[in-house]
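Novice: Below is the sequence, then the predicted model.
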Amino acid sequence: MKLIVQIPCYNEEHTLPETIADIPRRIEGIDQVEFLIIDDGSTDRTVEVAKELGVDHIIINKKNLGLARSFRKGIEECLKLGADIIVNTDGDNQYYGGDIPKLVAPILQDKADIVVGDRQTSTISHFSPFKKLLQKFGSATVRKLSGTDVPDTVSGFRAFSREAAIRINIVSSFSYTIETIIQAGKKHMAIASVPVRTNAKTRESRLFKSIPAFIERQLSSMIRMYAMYQPLRFFMFISLILSIIGSVPVIRFLFFYFTADGQGHIQSLLLGSALLLMGFITFITALLADLINFNRQLLEMTLEQVRKMELEYHLEKKNPGEK
Ligand SMILES: Nc1nc2c(ncn2[C@@H]2O[C@H](COP(=O)(O)OP(=O)(O)O)[C@@H](O)[C@H]2O)c(=O)[nH]1
Ligand SMILES: [Mg+2]
């Protein structure tokens, strides 16, 4: 059993040493623990620090690509390196590395594909009441959209089984946290959650400059993911709303047409017809989106097979003859 702990880093020279120092090198049920740093075009000494710390693998992005892309590159590399389990943690030492054994336990017991560390945000002292409320509301929305019961949906402290890592596709360029949960839920993967400890705050978030920016990004991610995985429902809902609103003025027009002398109320007819037409077009869009959805599923199946073949190729290259 090989575990690779991947740490996406963007200028983390100060906090990387403590982050790594916290992570146990020996974990029950795991034969080998390795580290992978994804340096996302840092302008400080992150790479040198990682080398000094004896990190096993380092990916260097020549320029800053963002967290989601770096996360995806990390996962692909971990698979190629033959990881059975991948743990992701942050380079700012936000999560307590000593809880990694708890995080991987459900995967070792074959009870989960993905395990999300629950920070129990309501108890974190340096989070403002507004931030706590936002976390609560945001996580509840993601649970509803994904059909899962993950308490802390934006936690970056997670463990993935190899199978889960092969099946997850990150398409956004910003944050992977909500995207992976919605995907995992829609793909009927087993997601577990375990309480984890957090360390004292080391610095402000670099991912989110402000709370409105956080809401905007996460909301757009939720809507896009939901539309991607449930396109028929998504567009049908919009079509239904447009049609209901459109019917009101049309019914008004028809009422007067038949009860009065049949004159006037053309405005109602025009407005209603335009809305009904929009509703109809959205209905056709829903059908098209549903067809595209089948294509996505076929593409994802192909990608999964390609990844498995790639994996076999890499493992065979490393250990010829061994299966
Ligand atoms: N690859 C990459 N990682 C980033 C970037 N910004 C932040 N990170 C990393 O993402 C993790 C979380 O970032 P952080 O600023 O602590 O955001 P928080 O999750 O809101 O606390 C840390 O490991 C950072 O090094 C970025 O632009 N690219
Ligand atoms: Mg942080």
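Specialist: Happy to help now that I have it. Ligands and ions are numbered 1, 2, ... in the order given.
Novice: Tell me the spacing between the closest residue to ligand 2 within the stretch 101-250 of the chain and ligand 1.
Specialist: As assessed by Cβ to the ion, ligand 2 sits closest to S205 within the stretch 101-250 of the chain, at 5.4 Å. Every residue, glycine included, has its C-beta placed from N, CA and C. According to Cβ to the nearest ligand atom, to the nearest Å, S205 stands 3 Å off from ligand 1.
Novice: Can you check the pLDDT for that residue?
Specialist: Per-residue pLDDT puts S205 at 84.
Novice: What distance do you get for it to L134?
Specialist: Look at S205 and L134: by Cβ to Cβ, to the nearest Å, they are 13 Å apart.
Novice: Mind checking which of the two has more residues around it?
Specialist: Set S205 next to L134 and count neighbours by other Cβ atoms under 10 Å: L134 wins out with 18 against 12.
Novice: Quick check, the more buried one in contact with I215.
Specialist: Yes. L134 is within contact range of I215, at 7.1 Å (criterion: Cβ atoms under 8 Å).
Novice: who touches both of the two?
Specialist: Contact criterion Cβ atoms under 8 Å, 6 or more residues apart in numbering; residues shared by L134 and I215: none found.
Novice: how about the helices in the stretch 201-323 of the chain?
Specialist: Using DSSP state H, counting those that start in this stretch, the helices of the stretch 201-323 of the chain run over 211-229, 231-259, 266-318.
Novice: Nearest to ligand 1 among those helices would be which one?
Specialist: helix 211-229 (8.0 Å; Cβ to the nearest ligand atom).
Novice: For stretch 167-176, C-alpha coordinates in PDB please.
Specialist: Provided in PDB are the C-alpha atoms of stretch 167-176 (Å, rounded to 0.1, in the frame of the first residue of the first chain):
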ATOM      1  CA  ARG A 167     -12.700   8.600 -12.100                       C
ATOM      2  CA  ILE A 168     -12.700  12.300 -11.000                       C
ATOM      3  CA  ASN A 169     -12.200  14.900 -13.800                       C
ATOM      4  CA  ILE A 170     -11.400  18.400 -12.800                       C
ATOM      5  CA  VAL A 171     -12.600  20.800 -15.500                       C
ATOM      6  CA  SER A 172     -12.700  24.100 -13.700                       C
ATOM      7  CA  SER A 173      -9.500  26.200 -13.500                       C
ATOM      8  CA  PHE A 174     -10.200  27.600 -10.000                       C
ATOM      9  CA  SER A 175     -11.100  25.400  -7.100                       C
ATOM     10  CA  TYR A 176     -11.600  21.700  -7.100                       C
END
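Novice: Can you give the domain ranges for this structure?
Specialist: 2-224, 231-318 (automatic domain parsing).
Novice: For stretch 95-115, measure first residue to last.
Specialist: 14 Å (Cα to Cα, to the nearest Å).
Novice: low-confidence ranges in the stretch 1-150 of the chain?
Specialist: Across the stretch 1-150 of the chain, nothing is flagged by pLDDT under 70.
Novice: Tell me which stretches of it form strands.
Specialist: 2-9, 32-40, 57-61, 85-88, 114-118 (DSSP state E, counting those that start in this stretch).
Novice: Mean neighbour count and distance to ligand 1 added to the ones you listed, as JSON lines?
Specialist: Converted to JSON lines, the strands of the stretch 1-150 of the chain look like this (neighbours: other Cβ atoms under 10 Å; distance: least, Cβ to the nearest ligand atom, whole Å):
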{"stretch": "strand 2-9", "mean neighbour count": "25", "distance to ligand 1": "4"}
{"stretch": "strand 32-40", "mean neighbour count": "22", "distance to ligand 1": "3"}
{"stretch": "strand 57-61", "mean neighbour count": "16", "distance to ligand 1": "7"}
{"stretch": "strand 85-88", "mean neighbour count": "26", "distance to ligand 1": "9"}
{"stretch": "strand 114-118", "mean neighbour count": "25", "distance to ligand 1": "12"}
